[in-house]
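Asker: output the structure for:
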Amino acid sequence: MWKKVINLSILGLVFLMPLFWLPFTFEVLEFNKIYLLFALTAIGIIAWIGKMVFKDKELKIKTTSLDILILLFLGVVGFSSFFSKDQIISVLGNYGRFWPSLLGTFSLGGFYFLFINNVRIEKKENSDEVGSKAIVNTFLVSTFLATIFSYLSIFGIWQKVAELGVKLPKLMTLKGFNSVSGNLEALSMFLGIISAFLVIGLAFKDNFFSKLWSKTLAYLTLFANLGLLLIFDFSSTWLVLVIGLSLFLIFAFWKRIFKKDVNRLSIAVFFLVISLIFLFFNPLSGLLRGTSLGRIQPEVRVNHRASWNLALESVKDNPALGAGLGNFSYVYSKYKPASILKTNFWQANFDRAGNYLADLTATTGILGILAYLSLLSIFIFISYLVIQKRIKEKSKLINHKTLPFLFITLVLFVAQILFYQNSILAFTFWMFLGLTVVSWKGNLKEKEFKFDNFPEVGLILNVFFWLIIAGLVFCSFNLGKYYLADMHYRTYLENPNQNISELENAVSFGNRRATYYVALSQAYLGKAIQEVNQETPDQEEIRNLVRKSINAGKIAEQLAPNRASVKKNIGVIYREIEGMAQGALDWSIKSFEQALQLEPRNPAILTEIGRLKLRQDKLDEARSYFEQAVGVRDNYVEAQLRLADLEEQNGETDKAIERLKGLADRAPNLLEPHFQLGRLYYNNGELDKATEQFLTSITINPNHSNSLYSLGLVYEKQGEIDRALQLFQKVSELNPGNNDVQIKINNLQAPQIEEEATSTTTTTEE
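Answerer: Purely as a prediction, here's the structure:
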């Protein structure tokens, strides 16, 4: 029984990781995959130890030269999480992304040791142990199903099934949704890596895919993957394939692996050529142009140069252990590249680097990246020695095990240099690392301690077993609470106005997640503002909601003191309750200043502080903040407009006009610069220029009341009363009940009515 549980947990993970997702949480993929990884790894480890304690009555462990390095890496990750800028992010992952996390990384470490101790390279007859072929075939079936799922998604088949009345989760009907990853580029990278594995595996013919069904499935999966890769056409995937297959072909020719039977390399050469062609040019682009498949864009992420610059800044700040596992968002906020502030993504707060190695360096420091690279270096070195030895011995193992597993691990490492890591890429890496280590065979040392000879070992292991059970029960209980919390949070998001009790439940179960408290504080504040706007507001209810909003915001601040978004949230709360609490404006400024320390290159925060300073009539300080905002992003509209207002107030109208002209030239599709420029021209008596700017504003937004009204004033001054009236009447239609506009209309109509009346009287007298 124990062995069956072990086998099921290992094979279950291998099969389910590419396919598993659940529609019950806010994020349906990574969150659920990590929970699955933890659960099945924990079950497998319990069964493995239980088997040794209660059945075998002996401690039997396989050891390798990598064990210490793997434990060292896990130890560094643990210390990095303990001293993290945000511990809950390190332990459970950054909310919405969830990978990497201490939970996921430790689960992978446990999976690796479970794997190498319970999987054999060659399964013995009548043995209940899992063989490497079972692992490969299980993963192959899973990948094939994931590929088919992706085809059904991108071609809208799931949507059509739902239209027939079949109840499907709404996410399944979205084009591009897949069971592997949250975006198509990460899916492409996974499929590219699996394709490389299949290409190399098929080069070894029957030694690798020995049965007809597995070989047929391998070919089907390979070319099905190729179809998706051609549709997606992501350069990152083609580059990984080019590097990985080139390394394999070079090594195969160098060591003469296939000798005269070089035709086995035909598929590898074919895929290398395809990858090279599509890396530089897409011959199919014309066929897909104009379709939804021709508009697939790569994910926006931090480029490699910026990623490494950010990692360097993080290491300067925290040399040994970095910002803490998973805390790249902290690093990005604090050291945001100046170059990105010139782009349309200046407001984005990226939560991962452009590649895994830069991310690891930024979040676990020098110790983390050195431990990881040392682990990989020793792994490659030992694998090379094993291959060299078997080549000399002309061992068959070289022809179907170690070499393919090693090269796919290397391909996965290349992907880590060029791309970020998610849960499925991480799992695939550690699985192939384990398969390679298992294939070393003679280099695995097995240590046995029979309880008859060492009874103290049996006692220690027995105690250890129950301690692990207790620890896993404790962890499972807490993880279950956070899962329930996210289920409640998802329900709240479906209808925020009606489901605030669901958000309160999310906070109750996930009381360490600052994200939930931020959402709760905003919900209470929104309710308070709604109550204020009622005809007969309940003052007691308003005070109660404001108090709850502040309390929730403060708890979020305590949980995540190094998160800029949390500081901004409490700053917004204090700003909105300025009229209800004495000193709220000062508290708001203080909160935004703290946010600025964590995100110094954010023009929105600088401008917000400037606006608050204006409320305090501190014009010079306000001007300083607006100028800093403009220095960070020269076409930041709000700051430029505020500076223009100050210049106008100081009588520097010409300077204000020049500023607005420059802003309008840099951002021609923004309405406000044109409107304000038109207003200044109008005040200066330059009516033609004012008309031009107001007409531009109306072109951008035909229903912009201020622009319509202002243009009406221009026409009125120019004596074009009929045109002015038309504009004022349109403004009245857009703003029914506006007395000022109606008075203006009446005043303009009065002379016309009087003139008509005079004309009628004159005619009568005649």
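Asker: for residue 448, pull up the helix or strand it's in.
Answerer: strand 445-450 (DSSP states H and E).
Asker: okay, buried residues for the helix or strand just after that strand please.
Answerer: On the C-terminal side of strand 445-450, the closest following helix or strand by DSSP H and E is helix 455-494. By 16 or more other C-beta atoms under 10 Å, the buried positions in helix 455-494 come out as 458, 461, 465, 472, 479, 482-492. C-betas here are computed from N, CA, C, even on glycine.
Asker: do stretch 66-77 as well
Answerer: 66-67, 69-70, 72-74, 76-77.
Asker: for the closest residue to residue 27 other than its chain neighbours, which residues are in contact?
Answerer: Using C-beta to C-beta, 6 or more residues apart in numbering and skipping the chain neighbours, the partner closest in space to residue 27 is residue 96 (5.7 Å). Contacts here follow C-beta atoms under 8 Å, 6 or more residues apart in numbering; on that basis residue 96 touches 26-27, 351.
Asker: Provide a list of residues in contact with residue 546.
Answerer: 524-525, 528, 577, 580-581.
Asker: state the pLDDT value of it.
Answerer: Residue 546 is assigned 93 on the pLDDT scale.
Asker: for this structure, what spans make up the strands?
Answerer: For the chain, the strands defined by DSSP state E cover 58-63, 119-120, 130-131, 445-450.
Asker: going by mean pLDDT, which of those strands comes out lowest?
Answerer: Minimum mean pLDDT among the strands of the chain: strand 445-450, a mean of 78.
Asker: give me the contacts around that one.
Answerer: 57-64, 457.
Asker: would you check which pair of those residues lies furthest apart?
Answerer: 57 and 64 (24.8 Å; C-beta to C-beta).
Asker: more neighbours, those two?
Answerer: residue 64 (18 against 13; other C-beta atoms under 10 Å).
Asker: what sits closest to residue 628 if chain neighbours are left out?
Answerer: Once flanking residues are discounted, residue 628 sits nearest to residue 606: 4.9 Å by C-beta to C-beta, 6+ apart.
Asker: ok, how many other residues are close to that neighbour?
Answerer: 27.
Asker: mind listing what it touches?
Answerer: So residue 606 contacts 596, 625-626, 628-629, 632, 639 (C-beta under 8 Å, 6+ apart).
Asker: tell me how far the residue nearest the centre of the chain lies from residue 421.
Answerer: Nearest to the mean C-alpha position of the chain, by C-alpha atoms, centre = their mean, lies residue 97 at 4.7 Å. Using C-beta to C-beta, to the nearest Å, one obtains 11 Å as the distance from residue 97 to residue 421.
Asker: and the closest residue to residue 567 other than its chain neighbours, what does it touch?
Answerer: The spatially closest residue to residue 567, leaving aside those adjacent along the chain, is residue 595, at 3.6 Å (C-beta to C-beta, 6+ apart). The neighbours of residue 595, taking C-beta under 8 Å, 6+ apart as the test, are 564-565, 567-568, 571, 602, 605.
Asker: okay, residue 595: pLDDT?
Answerer: 96.
Asker: quick one on the thing from earlier: for the residue nearest to residue 628, give me the pLDDT.
Answerer: At residue 606, pLDDT is 96.
Asker: number the chain from 420, please
Answerer: Got it, first residue is 420 now, which makes that one residue 1025.
Asker: might one say that residue 614 is in contact with residue 646?
Answerer: No: Residue 614 lies out of contact with residue 646 (C-beta atoms under 8 Å); the separation is 10.7 Å.
Asker: tell me which of those two has more neighbours.
Answerer: The neighbour comparison of residue 614 against residue 646 (other C-beta under 10 Å) goes to residue 614, with 26 against 13.
Asker: now the more buried one: closest residue in space, sequence neighbours ignored.
Answerer: Computed as C-beta to C-beta, 6+ apart, the closest residue to residue 614 that is not its neighbour in sequence is residue 644, at 4.6 Å.
Asker: neighbours of the one you found, just the number please.
Answerer: Residues near residue 644, counting by other C-beta under 10 Å: 24.
Asker: hmm, it is touching residue 616, no?
Answerer: No: here residue 644 lies out of contact with residue 616, judged by C-beta under 8 Å, at a distance of 10.3 Å.
Asker: which among the contacts of residue 965 count as buried?
Answerer: 943-944, 947, 996.
Asker: what is the burial count for residue 820?
Answerer: The burial count for residue 820: 27, using other C-beta under 10 Å.
Asker: and it, how close does it get to residue 834?
Answerer: Relative to residue 834, and taking C-beta to C-beta, residue 820 is found at 22 Å.
Asker: re earlier: distance check, the residue nearest to residue 614 against residue 851.
Answerer: On the measure of C-beta to C-beta, residue 644 and residue 851 end up 17 Å apart.
Asker: one more: residue 978?
Answerer: 38 Å.
Asker: neighbour-wise, which of those two wins?
Answerer: residue 851 (24 against 20).
Asker: pLDDT score assigned to that one?
Answerer: 95.
Asker: which residues are in contact with it?
Answerer: Shown in contact with residue 851 (C-beta under 8 Å, 6+ apart): 616, 824, 827-828, 831.
Asker: do residue 561 as well
Answerer: Residue 561 touches 433-438, counting by C-beta under 8 Å, 6+ apart.
Asker: tabulate the residues you listed in TSV, adding columns for neighbour count.
Answerer: Shown next, in TSV, are the contacts of residue 561 (neighbours: other C-beta atoms under 10 Å):
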residue	neighbour count
433	26
434	19
435	17
436	23
437	27
438	17
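Asker: just give me the neighbour total for residue 942.
Answerer: For residue 942, using other C-beta under 10 Å, the count is 21.
Asker: quick check: it touching residue 920?
Answerer: No: here residue 942 does not reach residue 920: they are 10.4 Å apart, not a contact under C-beta under 8 Å.
Asker: residue contacts, the residue lying closest to residue 1103 once chain neighbours are set aside?
Answerer: Of all residues not flanking residue 1103 in the chain, residue 1072 sits nearest, at 6.6 Å (C-beta to C-beta, 6+ apart). Listed by C-beta under 8 Å, 6+ apart, the contact partners of residue 1072 are 1066, 1099, 1102-1103.
Asker: same check, this time on residue 539
Answerer: 546, 548-551, 857.
Asker: quick one, what contacts the nearest residue to residue 436 once chain neighbours are set aside?
Answerer: Spatial nearest neighbour of residue 436, excluding adjacent residues (C-beta to C-beta, 6+ apart): residue 846 at 5.0 Å. For residue 846, the contacting residues are 432, 436, 452, 456, 527, 530, by C-beta under 8 Å, 6+ apart.
Asker: considering the residues you listed, which possesses the most neighbours?
Answerer: residue 452 (29 neighbours).
Asker: ok, now how distant is the closest residue to it other than its chain neighbours from residue 745?
Answerer: Excluding its sequence neighbours, the residue lying closest to residue 452 (C-beta to C-beta, 6+ apart) is residue 842, at 4.5 Å. Computed with C-beta to C-beta, the distance linking residue 842 and residue 745 is 12 Å.
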